[in-house]
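*Asks:* Build the 3D model from these lines:
(one chain, ligands or ions: 2)
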Amino acid sequence: MPPGYNAKVGNLQTFTLPADVTDTPGHRAMGRAMIQTWRQEGILQISTDSEGQQLQQQAMEASRRFFRRPSHEKAACVDSQSYAGYIASGEEITDGIADYSEIFTVLKDLPPSDPRVQAQWPCHGPCPWPPPFPDRETTTTMKAPIEAYMTWLGRQGERLLRLIEYGLGVSEGSLTRYTRDGWHHQRVLRFPARNATNGRGKTGRGIGSHTDYGLLVIASQDDVGGLFIRPPRQDEEFANWEKSAAGLREEDDGWVYVPPVPDVHTVFLGDMMQYLTKNHLTATPHKVGLNTRERFVFAYFHEPNFAAVLKPLDGSEGALHYGTHFTNMFMRNYPDRITTQRLVRENRYDKLAERELRCYS
Ligand SMILES: O=C(O)CCC(=O)C(=O)O
Ligand SMILES: [Fe+2]
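*Replies:* Ligands and ions are numbered 1, 2, ... in the order given. As a prediction, this is how the structure comes out:
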């Protein structure tokens with residue numbers, strides 16, 4: 001556990017996802033067990049199959065190579081239309097305080113010819129991948145191994161959603177109808193060792209407490225450790241799409257440390273799952289501490305379609321536009337980025353209200 005933190009060490013339940021999720025008593029029971037685990041613990045693990053292990057390893061190699069590149073080369077990986085690309089340590093803001101995470105965000109890589117880019121949809125544009133790595137050992141680009149790994153993660157995401165549908169007892173497709181051409185994305189992260197920061201944030205803090213925005217967070221970490229999560233509690237209510245949950249209970253007791261375990265991915269829930277289930281499943285607050293060694297992580301977000309308008313699964317009143325929530329969160333986290341400046345300058349935010357950007361499926 002990172003020094004200076006006081007937390008219970010989690011002992012997470014591990015599930016092995018079936019390749020094909022079907023309407024069988026076994027898969028329904030697995031779905032129910034997963035729901036119960038999230039409601040009690042806020043997090044669970046899925047075992048990584050051999051294909052996933054290989055893809056994760058290749059992606060990790062690409063990540064380490066990228067972060068070793070000179071600062072100016074990394075800093076050039078930005079785009080004025082998409083929030084994809086590089087974020088230096090000390091650049092991201094959570095609840096008004098700088099985070100020490102160094103990040104490459106991967107968002108849908110859309111060419112300028114894509115109709116949504118042409119129509120200036122907020123957050124839509126190309127992913128500013130770094131140039132191919134100069135040395136040639138096993139991996140020559142960052143894009144290929146990261147995208148291959150994300151495709152595998154996307155398959156796990158769809159399996160999980162189908163199991164959750166069974167576990168909740170809602171009809172098939174209640175969740176997966178939202179993820180057609182989902183706005184899935186990934187953060188490739190590096191955390192410096194706690195004694196190797198630039199002094200712009202809080203000592204020992206990697207990322208402040210927050211919830212993530214979509215349906216599922218599927219993450220993998222190296223052997224260093226730094227992640228803490230907050231299990232659901234009756235007496236703590238939040239709804240990040242209404243009022244920011246960033247900074248929530250950051251200094252309070254009650255956090256659980258997520259120890260690194262080889263060959264698993266951790267899975268917890270995002271804001272949209274909380275909205276759809278009306279708090280039956282809640283987004284899991286989490287935060288990251290800096291350890292004595294640098295740490296490498298992948299956080300993959302399995303999301304609704306950008307244009308999706310979500311409605312509570314029980315048929316009750318209400319509707320929430322995912323693309324608006326996503327845009328709000330990125331504008332808040334990166335107020336000074338060129339992407340935010342252009343979005344504001346070109347009034348792209350107003351487009352979120354337009355009919356073509358809203359899909360009522
Ligand atoms: O470092 C981790 O394990 C999680 C990172 C995280 O919370 C994020 O990227 O949103
Ligand atoms: Fe997160």
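*Asks:* Report the secondary structure state of the most centrally placed residue in the chain.
*Replies:* Residue closest to the average C-alpha location in the chain (C-alpha atoms, centre = their mean): Phe301, at 3.6 Å. Secondary structure state of Phe301, per DSSP: H, G, I helix; E, B strand; the rest coil, is strand.
*Asks:* is it true that it touches Ala219?
*Replies:* No - counting by C-beta atoms under 8 Å, Phe301 stays clear of Ala219, with 9.5 Å between them. No exception for glycine: its C-beta is placed from N, CA and C like everyone else's.
*Asks:* Run through the residues of the stretch 201-350 of the chain sitting next to ligand 1.
*Replies:* Ile207, Asp212, Ala219, Gln221, Gly226, Leu227, His286, Val288, Val297, Ala299 (C-beta under 6 Å from any ligand atom).
*Asks:* Where does the third one sit: helix, strand or coil?
*Replies:* Assigned state for Ala219: strand (three-state reduction, three-state DSSP).
*Asks:* quick one on the thing from earlier: pick out whichever of the residues of the stretch 201-350 of the chain next to ligand 1 sits closest to Pro111.
*Replies:* Ala299 (25.6 Å; C-beta to C-beta).
*Asks:* what bridges to the closest one?
*Replies:* Per DSSP bridges, the residues bridged to Ala299 are Arg187, Ala219.
*Asks:* need the contact list for Gln54.
*Replies:* Going by C-beta atoms under 8 Å, 6 or more residues apart in numbering, Gln54 touches no other residue.
*Asks:* helix, strand or coil for it?
*Replies:* helix.
*Asks:* Okay, it and Gln341: tell me how far apart.
*Replies:* The gap separating Gln54 from Gln341 is 40 Å, by C-beta to C-beta, to the nearest Å.
*Asks:* picking that back up, could you list which residues are in contact with the residue nearest to the centre of the chain?
*Replies:* Counted by C-beta under 8 Å, 6+ apart, Phe301 has contacts His184, His185, Gln186, Arg187, Asp212, Tyr213, Gly214, Leu216, Val217, Gly270.
*Asks:* mind running it again at 6 Å?
*Replies:* Contacts here follow C-beta atoms under 6 Å, 6 or more residues apart in numbering; on that basis Phe301 touches His185, Asp212, Gly214, Val217.
*Asks:* Show residues contacting stretch 12-28.
*Replies:* Contacts of stretch 12-28 (C-beta under 6 Å, 6+ apart): Thr37, Leu44, Gln45, Ile46, Ser47, Arg159, Arg162, Leu163, Tyr166.
*Asks:* Output that stretch in PDB with nothing but the alpha carbons.
*Replies:* What follows is stretch 12-28, C-alpha atoms only, in PDB (Å, rounded to 0.1, in the frame of the first residue of the first chain):
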ATOM      1  CA  LEU A  12     -11.800  -9.300  -4.200                       C
ATOM      2  CA  GLN A  13     -14.100 -11.900  -5.600                       C
ATOM      3  CA  THR A  14     -13.000 -13.300  -9.000                       C
ATOM      4  CA  PHE A  15     -15.300 -14.300 -11.700                       C
ATOM      5  CA  THR A  16     -14.500 -16.100 -15.000                       C
ATOM      6  CA  LEU A  17     -16.600 -14.700 -17.800                       C
ATOM      7  CA  PRO A  18     -18.200 -17.200 -20.200                       C
ATOM      8  CA  ALA A  19     -17.200 -16.700 -23.800                       C
ATOM      9  CA  ASP A  20     -20.800 -16.700 -24.800                       C
ATOM     10  CA  VAL A  21     -23.300 -15.300 -22.300                       C
ATOM     11  CA  THR A  22     -26.600 -17.200 -22.800                       C
ATOM     12  CA  ASP A  23     -29.900 -17.500 -21.000                       C
ATOM     13  CA  THR A  24     -29.000 -20.400 -18.800                       C
ATOM     14  CA  PRO A  25     -29.500 -20.800 -15.000                       C
ATOM     15  CA  GLY A  26     -25.700 -20.700 -14.500                       C
ATOM     16  CA  HIS A  27     -25.200 -17.400 -16.300                       C
ATOM     17  CA  ARG A  28     -28.300 -15.900 -14.600                       C
END
